[in-house]
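Novice: I'll drop the sequence and a predicted model, then ask my questions.
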Amino acid sequence: MDITDFQEWVKQYYQDRGWSDLDIFIRIGFLAEETGEVARAIRALEIGRDRPDESRGTFEDNKMQLTEELGDVLGNLIVIANKYDISLEEIFHSHKTKLGQRYM
């Protein structure tokens, strides 16, 4: 599956469940929440656990948790991009161009 196919799959999956109809500010809240979960997953990956009262997870378990949380962030980003009819390919190109111009 390429990125365009994935963007379309996310669009359909979220639409089928009515999740795409949520107010954009609610969606931004979900993105912020998921970003926090990425931070927790990275902390667990780096030190073996998130909090001192938790048992240490294996590197592979913690890496899988980070992978899942990054997927949640990506899903929310795609929903936002879809709301404004912006393809991920367009985002990639725009970002690459911006960085190329800024840091050349």
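Specialist: Received, thanks. Numbering: from 1, shown residues only.

Novice: which residues touch the closest residue to Ile3 other than its chain neighbours?
Specialist: Leaving aside its chain neighbours, Ile3 sits nearest to Leu88 (5.0 Å; criterion: C-beta to C-beta, 6 or more residues apart in numbering). Backbone N, C-alpha and C define where each C-beta goes, glycine included. Going by C-beta atoms under 8 Å, 6 or more residues apart in numbering, Leu88 touches Ile3, Thr4, Phe6, Gln7, Ile78, Ala81.

Novice: can you tell me the helix or strand for the third one?
Specialist: Here Phe6 sits within helix 3-16, counting by DSSP states H and E.

Novice: Remind me what the helix or strand following that helix packs against, helices and strands.
Specialist: Later in the chain than helix 3-16, the nearest helix or strand by DSSP H and E is helix 24-47. Judged by 3 or more C-beta pairs under 8 Å, 6 or more residues apart in numbering; DSSP states H and E, the packing partners of helix 24-47 are helix 59-83.

Novice: any residues touching the helix it packs on, and which ones?
Specialist: Contact partners of helix 59-83, identified using C-beta under 8 Å, 6+ apart, comprise 6-7, 10-11, 14, 19-20, 24, 27-28, 30-31, 34-35, 37-38, 40-42, 44-45, 48, 57, 87-88, 91.

Novice: how far off helix 24-47 does that helix point, in degrees?
Specialist: Between helix 59-83 and helix 24-47, the angle comes out at 160 degrees (axes from the mean of the first three to the mean of the last three C-alpha atoms, to 10 degrees).

Novice: And the residue most central in space within the chain, how close does it get to Glu33?
Specialist: Nearest residue to the geometric centre of the chain (C-alpha atoms, centre = their mean): Val73, 1.7 Å. Counting by C-beta to C-beta, to the nearest Å, the separation of Val73 from Glu33 is 10 Å.
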